[in-house]
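> curious how this folds, go ahead:
(one chain, ligands or ions: 1)
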Amino acid sequence: MPELPEVETTRAGLAPHVLGRTIRSVVLRRPDLRWPIAGEVSSVLPGQRVEAIRRRAKYLLLDTDAGSALLHLGMSGSLRVLDPDVPVRAHDHVDMTLDSGQVLRFNDPRRFGCLLWQPRGETHALLRDLGPEPLDDVFDGDHLFFASRGRRAPVKTFLMDQRIVVGVGNIYAAEALFAAGISPVRDAGRISRERYARLAAEVKRILAYAIHRGGTTLRDFISPDGAPGYFEQELSAYGRGGLPCPACGTSLRQALVGQRATVWCPRCQR
Ligand SMILES: [Zn+2]
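Numbering: from 1, shown residues only. Sure, this is the predicted structure:
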């Protein structure tokens, strides 16, 4: 599944091809993805110039004068910029032809993605209640500390709550908690300010590193023949239940926490 780093890498990879371009035409090969594709994508977007391409949580926004196309890659989506003669493949659901002659093509085999519309000056309902971006300065240890007081949910569940902070999925929650030495099952409300400072720093470090590495595989995102380009993770905990802890060698424990598979080291993480 594309996580925040893949979405950010997609944004950065698309920007040079899409920014400042006018969208000449839009082809929808089906009316819906996870939800019906917004009518404005066909009726308003053609003729509009892309003023900015932004990411909010795992959503991408193509900003124009009239409003923003709001995309989500879902479980399996990818966006590529292609020459117009590249044949359409299975699951290529949407084409946006740019005034450069290139085509921005949205492929999504499982159709958990979406293509919606945010009118200018409004915030779409999907974006309204989101917490801060993990790489923004407002996200720090104090944010986690004050938001967690009185909470009895496991800290991993708390960290993955999009109202607390966006874009920390199962993989990055597991890795950040491992790096910070915090047990994922500890009550969120019983973790000190100092330990939350460490956790916030690890979330930032791990996400920034994944984005940096994604930048090195950027070509895969836009090449016609490349795989979607979701990069290999260097994982210490996630998916390694029963294997030795990379720090101390203890067998990593695995359990469901908030219905999500969770792995941690019972010795290094308290
Ligand atoms: Zn360990």
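> can you give me the strands for the stretch 1-150 of the chain?
23-28, 52-56, 59-63, 67-72, 78-82, 92-98, 103-107, 114-119 (DSSP state E, counting those that start in this stretch).
> near the ion, which residues of the chain are found?
Neighbours of the ion within the chain, by CB under 5 Å from the ion: 245, 247-248, 250, 265, 267-268. For every residue, glycine as well, the C-beta is placed using N, CA and C.
> inside helices: which ones of these?
Under the assignment DSSP state H, the residues of the chain next to the ion contribute nothing to helices.
> okay, the strands of the stretch 1-150 of the chain in JSON lines with distance to E175 and mean neighbour count next?
Shown next, in JSON lines, are these (distance: least, CB to CB, whole Å; neighbours: other CB atoms under 10 Å):
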{"stretch": "strand 23-28", "distance to E175": "38", "mean neighbour count": "16"}
{"stretch": "strand 52-56", "distance to E175": "20", "mean neighbour count": "17"}
{"stretch": "strand 59-63", "distance to E175": "23", "mean neighbour count": "21"}
{"stretch": "strand 67-72", "distance to E175": "23", "mean neighbour count": "24"}
{"stretch": "strand 78-82", "distance to E175": "23", "mean neighbour count": "22"}
{"stretch": "strand 92-98", "distance to E175": "32", "mean neighbour count": "21"}
{"stretch": "strand 103-107", "distance to E175": "28", "mean neighbour count": "22"}
{"stretch": "strand 114-119", "distance to E175": "27", "mean neighbour count": "20"}
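> can you redo these as a markdown table with mean pLDDT?
Formatted as a markdown table, the entries for the strands of the stretch 1-150 of the chain read as follows, by pLDDT from 0 to 100:
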| stretch | mean pLDDT |
| --- | --- |
| strand 23-28 | 98 |
| strand 52-56 | 97 |
| strand 59-63 | 98 |
| strand 67-72 | 98 |
| strand 78-82 | 92 |
| strand 92-98 | 98 |
| strand 103-107 | 96 |
| strand 114-119 | 98 |
